[in-house]
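**Q** Structure here, sequence nowhere to be found:
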């Protein structure tokens, strides 16, 4: 787990604040460097600290914070996750995502029950979310959670997105031929390339071993194909010197892109199938597993595999 240098003092941690009444805790809440807000059971925003960016000073929390006309999680069908837990007298934690400047803003929500509603802390993801120790990318639990949330948000906003599965070709040859230290050095370099070649709004994580997942919000099929082609080219050009030995391999990718109609599990499954299709067709290329390309109000389209190969 990585944290920024300016860590939150232990006395201001949400767990400590839960032991105080709201009036007693308010001076501490005001000092928090991230948003803290009191939300009533009717979604009314009762109070927010100075670190909370508000679109309007009064109204429902989803209106004041994000300009939505419905509660964030529930889409108008029952209470949101925080209020459901608060009604049972329970605290809860989860990852949340919202649209901002054409991309996604990600944060961890810590919600504590109050007599009349819930006290929420919106903590920046980089301060408390686990990252892969080797590559510095999000680890598998992290990238899976934020991709799930991102897919739900894109579906709610009726926007397209892309899920990309990447796998290094014949990576076992590096480990077997030069040792695991060489493999680790190569994976670290791959992490640097993925961070450099993706947008700031994209989410990149190590899925496991030499496999990676990239979530691209607001990205259609054409844009995803162009971005992945550039990404594979950058990885193709990667050379890592390990004690005088040049390390190099290529990468294959599977892409799901379009308007999300189903859950993460299905999107991941078809993207992973497209990855294996790219492997079967000779590696060093990408394949699309495309579903539901038209907007939600239009008709659906059958799944097709399309291949992109370097000359």
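**A** Cool, the structure landed. This structure is a prediction, so every number in the text was calculated from the model and none was measured.
**Q** what's the neighbour count on residue 168?
**A** Using other C-beta atoms under 10 Å, residue 168 has 22 neighbouring residues. Any C-beta I mention is one placed from the backbone N, CA and C, and that applies to glycine too.
**Q** What of residue 86?
**A** Neighbours of residue 86 using other C-beta under 10 Å come to 25.
**Q** Backbone torsions only: list them for it.
**A** phi -60, psi -40 (degrees, to the nearest 10).
**Q** correct me, but it touches residue 117?
**A** Yes - Residue 86 is within contact range of residue 117, at 6.5 Å (criterion: C-beta atoms under 8 Å).
**Q** overlap in contacts of those two?
**A** residue 41 (C-beta atoms under 8 Å, 6 or more residues apart in numbering).
**Q** give the contact list for the most centrally placed residue in the chain.
**A** Nearest residue to the geometric centre of the chain (C-alpha atoms, centre = their mean): residue 146, 3.2 Å. Residues in contact with residue 146, defined by C-beta under 8 Å, 6+ apart, are 95, 97, 104, 106, 125, 138, 203, 215.
**Q** Could you report the neighbour count for the last one?
**A** The number of residues packed near residue 215 is 29, by other C-beta under 10 Å.
**Q** per-residue confidence at it?
**A** Residue 215 is assigned 96 on the pLDDT scale.
**Q** farthest residue from the center of the chain?
**A** In the chain, residue 244 marks the outermost C-alpha relative to the chain mean, sitting 37.1 Å out by C-alpha atoms, centre = their mean.
**Q** so what pLDDT did that residue get?
**A** Per the predicted model, pLDDT is 96 at residue 244.
**Q** Numbering from 245 from now on, please.
**A** Will do, 245 is the new start, and the previous item becomes residue 488.
**Q** Tell me how far it lies from residue 431.
**A** 19 Å (C-beta to C-beta, to the nearest Å).
**Q** And for residue 331?
**A** Residue 331 is 45 Å from residue 431, by C-beta to C-beta.
**Q** between the two, which one's more packed in?
**A** Ranked by neighbour count (other C-beta under 10 Å), residue 331 and residue 431 place residue 431 first, with 21 against 13.
**Q** what about that one, helix or strand, and which?
**A** helix 424-441 (DSSP states H and E).
**Q** What are the buried residues along the following helix or strand past that helix?
**A** Of the helices and strands lying after helix 424-441 in sequence (DSSP H and E), the nearest is strand 447-452. Under the neighbour-count criterion of 16 or more other C-beta atoms under 10 Å, strand 447-452 has 447, 448, 449, 450, 451 buried.
**Q** So the closest residue to the last one other than its chain neighbours, which state does it fall into?
**A** This means residue 451. Closest residue to residue 451 apart from its sequence neighbours, by C-beta to C-beta, 6 or more residues apart in numbering: residue 457 at 4.7 Å. Per DSSP: H, G, I helix; E, B strand; the rest coil, the secondary structure class of residue 457 is strand.
**Q** same check, this time on residue 515
**A** Secondary structure, three-state DSSP: residue 515 is helix.
**Q** just to revisit the earlier point, with distance to residue 513 added, can I get the contacts of residue 390 in JSON lines?
**A** JSON lines is the format used below for the contacts of residue 390 (distance: C-beta to C-beta, whole Å):
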{"residue": "339", "distance to residue 513": "22"}
{"residue": "341", "distance to residue 513": "22"}
{"residue": "348", "distance to residue 513": "23"}
{"residue": "350", "distance to residue 513": "24"}
{"residue": "369", "distance to residue 513": "26"}
{"residue": "382", "distance to residue 513": "20"}
{"residue": "447", "distance to residue 513": "19"}
{"residue": "459", "distance to residue 513": "15"}
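**Q** Would you write out the ChimeraX command that picks the buried residues out of those residues?
**A** One line in ChimeraX is enough to select the buried ones among the contacts of residue 390; burial here means 16+ other C-beta under 10 Å:
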select :339,341,348,350,369,382,447,459
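**Q** Measure how far stretch 421-439 is from the centre of its chain, please.
**A** On the basis of C-alpha atoms, centre = their mean, to the nearest Å, stretch 421-439 sits 23 Å off its chain's mean C-alpha point.
**Q** What lies in contact with it?
**A** With contacts defined as C-beta under 8 Å, 6+ apart, stretch 421-439 is touched by 376, 378-381, 410, 412, 415, 418-419, 448, 450, 454, 456, 458, 475, 478-479, 482, 484, 486, 489, 491, 493.
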